[in-house]
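Asker: Below is the structure, and that's it, no one-letter string:
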């Protein structure tokens, strides 16, 4: 059994999620917008094993350096987006005048990678389009889609590394997953694969 909590932080309304494997008590944070008091209160006393990054844009990684250091969590990102953790230009933080700490990931993942959080298996799906190395994290009954799939929308593709062709291919792939899967996106409200297939203009 897993427990999932969410919090929305930052000027761009980023969703961050705390996955807890109830058998082991281990947790993983999906994306880490900042290291604010709100974020730390949200994490609380969780035994943070991983910080799972869906991609390398600044609004998803702003708190990674401090939170990973203070909680002893391993930083996980796709191999293709790993360089964004040490480049303010690539992460877009420089464009917004935000100072970015250089981060070295502990693990890089790619299509087919799998992580164990206690007894919970987390599979990695490569879903490029918003960034070259965007990934989704798939659990038994839910998926964390970052900026690939939103409620009735999808991530923009006009940033460096973006591709409208690739994001459409990624969305087509997500449409083949179980209809019952709950969708936890990087912004906006939660959804399901079934709802998105029926209502999202980018998935029709």
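Answerer: Arrived safely. This one's a predicted model, so the numbers in the text were calculated from it and none came from an experiment.

Asker: For residue 101, give me its contacts.
Answerer: With Cβ atoms under 8 Å, 6 or more residues apart in numbering as the criterion, the residues that contact residue 101 are 64, 65, 66. In short, each C-beta sits where N, CA and C put it, glycine included.

Asker: Kindly report the same for residue 126.
Answerer: If a contact means Cβ under 8 Å, 6+ apart, then residue 126 has 78, 110, 111, 133, 134, 135, 170 as its contacts.

Asker: what separates the closest residue to residue 50 other than its chain neighbours from residue 53, distance-wise?
Answerer: Spatial nearest neighbour of residue 50, chain neighbours left out: residue 28 (4.1 Å); criterion: Cβ to Cβ, 6 or more residues apart in numbering. According to Cβ to Cβ, to the nearest Å, residue 28 and residue 53 sit 11 Å apart.

Asker: Which one's more surrounded, these two?
Answerer: Just comparing residue 28 and residue 53: by other Cβ atoms under 10 Å the higher neighbour count belongs to residue 53, 30 against 26.

Asker: Excluding chain neighbours, give the residue nearest to that one in space.
Answerer: Once its chain neighbours are removed from consideration, residue 53 has its nearest residue in residue 77; the separation is 4.2 Å (Cβ to Cβ, 6+ apart).

Asker: Am I right that that neighbour is in a strand?
Answerer: Yes - read with DSSP: H, G, I helix; E, B strand; the rest coil, residue 77 is one of the residues of a strand.

Asker: Brilliant, that's me finished.
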